[in-house]
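Colleague: Provided below for reference: sequence and predicted model.
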Amino acid sequence: MIWLIKLTLPRTLISMLNISLHPHKKITGIRKKPPVRSTTGLLQHLAFDNTILANIITTVSTGKIIMINNAACKLLGYSKRELLTKNRSDVFDIHESSFIKMLKQRTADGHSSAMVPAIKKNGKMLTCEITSAVFRDGAGTETAITTISDLSQRILKQKIIDTEKEKNVSGNIVLARLKSDGRLADNSRWIQYMAKASYDVMWDWDIAGGGIYVGDSLEEVFGYKVKGNTVAFSDFNACLAHGEKHAVKRKLLKILASGSNGWNDSYMFRRHDGSMAATISRASIIRDEKGKAVRMIGAIQDVSRIQELKKKLEDQLAIHRADIKKEKKVAATISQSILKQKKIDVQKEKIIADNIVLAQLKSDARLAANNELHIEKFNLTSKLSFDGIWDWNLLTNDFFLGEGFEELFGYTVKSAASMDDWSSHLHPSDKTKVEKSLQEAIAGSATRWEKSYRFIRSDGSVARVFGRASIVRDPDGRAIRMIGVIHDLSRQKELEEKLELEIRLKQKQIAEAATDAKDAERSDIGKELHDNVNQLLGASRLYLDMAKQGGKDMGKYISRSSEYTLTAIEEIRKLTRGLTTDIIKNYGLCEAVENIARDTMEVNPIKISFLRKGFMENSVNDKFKLNVFRIVQEQLNNILKYAKAKKIVISLSQNKTSITLVVSDNGIGFDTAKKQRGIGLANIKSRAAAYNGNAGFVSQPGLGCLLTVMFLLAAK
């Protein structure tokens, strides 16, 4: 018997196969369609052949491949004729632990998903995610349909991105040599200005004086509000993790004494709320004529969110590769991960201070005189920032791009760039609205511009970015300059969308489980009316027909007919009592459980005890209580049908965080590792999942059964 609880296969594919996959229904014979294929059937067959995802269909008993689509041929490197001569062992490593685990789960549940290596025709191994489900064809043969998703390219692309990011060292930073205290002061103001525009926390350390200037983004990124934007080195050191303080300081002092012109490091940095942020830092070291370090200019980037997302995805991959013995631990980890993803952090998109203080230039003459110095300072700062920094002189139309532009998007930065070097790479669908937004900001009175848009990288891939700039205006309000940054959100967005997809899939599965439970209930009602009540009424009518013929036994026949009629009425009454929710509304869950226990004992030789431990009726709604009542009904029905038990104990308890239902019996038990007949156990699990619960069965042959259902209560 094949019972399917959930299925993520395409509906078109299911329809094409002429099967009905219902989790609650036993799939027996399937009516064969005429050999003449209809137009709809032809379209469905074409849909299967041309669907983007790779699909193969195999026989369960032998593993022989009996049907494939074009995507599967392309992925594995075979022709259709070649694949139809192959077995599943030719395209999957059937001895790999995750594949073995997938087969066991598919045997138990009728379907399964796993991350397994696939084998191409050339022998190359591909990391793939597969979803497989079992059904019976028209001849009654167990057949499996498997959908294959290639993950290797996504993994390779992510590794390339990570490798490029790790190469962001400051060894090639060209340092501007400051020739006077006046120029040093002017440069300090420039660094302060760029610190307000960058997504990173920019800082400028006067080693001789001891003060460290930090940008306004320090408050937004780490929560610290610094008076005068100046801190001491001891303040910085105090925010490092206790186990890293000495190591970071020792490495920094060693670099300062070595004569090197660059420093980079990664460390944990304590936020204002006490939490720890993973960061990466780099800086350039400015030295005097004697080689003594006099100043450091650097940037700190908070990479906590990216590392968190990477770790969660790595954990998901590790889960699929885990040993069978870790199954319970894996399930708990996945559950917790799904709950946590509902609180996805969106603060990265807001990393910039709203109070950008713009430097006002006093005259066109001063702008021209200082232009060369500003370019030098711009290049220095742009190398330190993890963003792409740009500077647009609206009077001369000169446009400068920082080296971060090349680092982020792969384009070589020209010495004499123009606005077209930026706008020509805007995504065609965004280009018009971005340029319009920019021109409106310049023409108006705004002092800041920001926009989310897509940007084409040199390799043709699309980056999702967030741009923000400050607009410098003269005393008459005319825009004369724009300085801004481009922050690449692609990697973070991609990771967040993957996790959001997992959440949506889980919610869909819960909704489908609830629907399946309702359909199963309707099926049970139909069976009860057909197999029980209908037979009783049929027997009653038979005795009435016999009584109509008269004779000495007429009275006996009428009496028998009356007995069967009364029995049918009682059965309908019991069935109605099981369906109605009035007993829950009028009396509550506990009394409803006591009533069903009492009624069950009246017609069955069994003792049922009900224990209530701290459960509060008014703490949950009627729908939740009805759901728990249905679980009790389902399990009692399972015990009466299969367990041959003499004693049942029902316990309902509640604490601050959860409500727990326990149903135990002393029946014959069963092997939980084997697939069970019927859908009773699956219905119980589906009902539990619909209310944020988890159902587990503990049983062995001859030792009875223990059902535990735990519902987590929402935190107040």
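Modeller: Yep, that arrived. Numbers count the residues shown, from 1 in each chain.
Colleague: and whichever strand or helix holds Glu440, average pLDDT?
Modeller: Element membership for Glu440, per DSSP states H and E: helix 428-443. For helix 428-443, mean pLDDT rounds to 91.
Colleague: could you point out which element follows it?
Modeller: strand 448-456.
Colleague: any idea how far that following strand is from the chain center?
Modeller: 26 Å (CA atoms, centre = their mean, to the nearest Å).
Colleague: same for it, what does it pack against?
Modeller: Packing partners of strand 448-456 (3 or more CB pairs under 8 Å, 6 or more residues apart in numbering; DSSP states H and E): helix 428-443, strand 462-473, strand 479-488. Using the backbone N, CA and C atoms, a C-beta is placed for each residue, glycine as well.
Colleague: Kindly export that strand (C-alpha atoms) in PDB.
Modeller: Output of strand 448-456 as PDB, limited to C-alpha atoms (Å, rounded to 0.1, in the frame of the first residue of the first chain):
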ATOM      1  CA  ARG A 448      20.400  63.300  -0.600                       C
ATOM      2  CA  TRP A 449      19.500  60.700  -3.300                       C
ATOM      3  CA  GLU A 450      18.900  57.000  -2.800                       C
ATOM      4  CA  LYS A 451      17.600  54.200  -5.100                       C
ATOM      5  CA  SER A 452      17.500  50.400  -5.300                       C
ATOM      6  CA  TYR A 453      18.200  49.100  -8.800                       C
ATOM      7  CA  ARG A 454      19.900  46.300 -10.800                       C
ATOM      8  CA  PHE A 455      23.400  46.600 -12.200                       C
ATOM      9  CA  ILE A 456      25.000  44.400 -15.000                       C
END
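Colleague: residue ranges with poor pLDDT in the stretch 101-250 of the chain?
Modeller: 137-138, 158-199 (pLDDT under 70).
Colleague: Would you mind giving me the confidence score for Ser609?
Modeller: Looking at Ser609, the pLDDT reads 95.
Colleague: how close does it get to Gly696?
Modeller: In this view, Ser609 and Gly696 are 21 Å apart by CB to CB, to the nearest Å.
Colleague: For those two, indicate the residue with more neighbours.
Modeller: Gly696 (15 against 11; other CB atoms under 10 Å).
Colleague: tell me the secondary structure for the more buried one?
Modeller: Using DSSP: H, G, I helix; E, B strand; the rest coil, the structure places Gly696 in strand.
Colleague: so what's Lys433 up against?
Modeller: Residues in contact with Lys433 (CB atoms under 8 Å, 6 or more residues apart in numbering) are Tyr453.
Colleague: ok so, going back, please produce JSON lines containing the helices and strands packed on strand 448-456, extended by distance to Met115.
Modeller: JSON lines is the format used below for the helices and strands packed on strand 448-456 (distance: least, CB to CB, whole Å):
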{"stretch": "helix 428-443", "distance to Met115": "34"}
{"stretch": "strand 462-473", "distance to Met115": "27"}
{"stretch": "strand 479-488", "distance to Met115": "28"}
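Colleague: Out of the ones you listed, which is the most enclosed?
Modeller: strand 479-488 (a mean of 22; mean count of other CB atoms under 10 Å).
Colleague: and that one with strand 462-473, angle?
Modeller: 160 degrees (axes from the mean of the first three to the mean of the last three CA atoms, to 10 degrees).
Colleague: Neighbouring strands - and their directions - for strand 479-488?
Modeller: Strand pairing for strand 479-488, using DSSP bridges, gives strand 388-393 (antiparallel), strand 462-473 (antiparallel).
Colleague: per-residue confidence for the spatially most central residue of the chain?
Modeller: The centroid of the chain falls nearest to Leu499 when counting by CA atoms, centre = their mean (2.0 Å). With respect to pLDDT, Leu499 has a value of 78.
Colleague: for the helix or strand containing it, packing partners?
Modeller: Using DSSP H and E, the element containing Leu499 is helix 490-528. In terms of contacts (3+ CB pairs under 8 Å, 6+ apart), helix 490-528 is packed against helix 304-321, helix 327-340, strand 462-473, helix 554-579, helix 680-690.
Colleague: rerun that using 10 Å as the cut-off
Modeller: Packing contacts for helix 490-528, counted by 3 or more CB pairs under 10 Å, 6 or more residues apart in numbering; DSSP states H and E, involve helix 152-166, helix 304-321, helix 327-340, strand 462-473, helix 554-579, helix 622-638, helix 680-690.
Colleague: Considering the ones you listed, which stretch scores lowest in mean pLDDT?
Modeller: Mean pLDDT per stretch puts helix 327-340 lowest among these, at a mean of 47.
Colleague: Using TSV, please lay out the strands paired with strand 479-488 together with distance to Thr600.
Modeller: Formatted as TSV, those follow (distance: least, CB to CB, whole Å):
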stretch	distance to Thr600
strand 388-393	72
strand 462-473	60
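Colleague: my hunch is that Asn264 is in a strand, does that hold up?
Modeller: Yes: counting by three-state DSSP, Asn264 falls inside a strand.
Colleague: Tell me which helix or strand the residue lying closest to it once chain neighbours are set aside sits in.
Modeller: What sits nearest to Asn264 in space, not counting adjacent residues and going by CB to CB, 6 or more residues apart in numbering, is Arg282, at 3.9 Å. In this structure, Arg282 sits in strand 276-287 according to DSSP H and E.
Colleague: who does that strand pair up with?
Modeller: Short version: by DSSP bridges, strand 276-287 pairs with strand 262-270 (antiparallel), strand 293-302 (antiparallel).
Colleague: what's the most buried one of the ones you listed?
Modeller: It is strand 293-302: most buried of the strands paired with strand 276-287 by mean count of other CB under 10 Å, with a mean of 22.
Colleague: circling back to that earlier point, and the helices and strands packed on strand 448-456: which comes nearest Arg305?
Modeller: strand 479-488 (12.8 Å; CB to CB).
Colleague: For the closest one, output the C-alpha coordinates as CSV.
Modeller: C-alpha atoms of strand 479-488 as CSV (Å, rounded to 0.1, in the frame of the first residue of the first chain):
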residue,chain,number,x,y,z
ALA,A,479,23.6,71.3,-7.3
ILE,A,480,27.3,71.4,-8.1
ARG,A,481,28.5,68.0,-7.0
MET,A,482,27.4,64.5,-6.0
ILE,A,483,29.3,62.0,-3.9
GLY,A,484,27.9,58.5,-3.4
VAL,A,485,28.3,54.8,-2.8
ILE,A,486,27.0,51.6,-4.4
HIS,A,487,26.3,48.7,-2.0
ASP,A,488,26.0,45.2,-3.6
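Colleague: Centre of the chain to it, how far?
Modeller: On CA atoms, centre = their mean, the centre of strand 479-488 falls 34 Å from the chain's centre.
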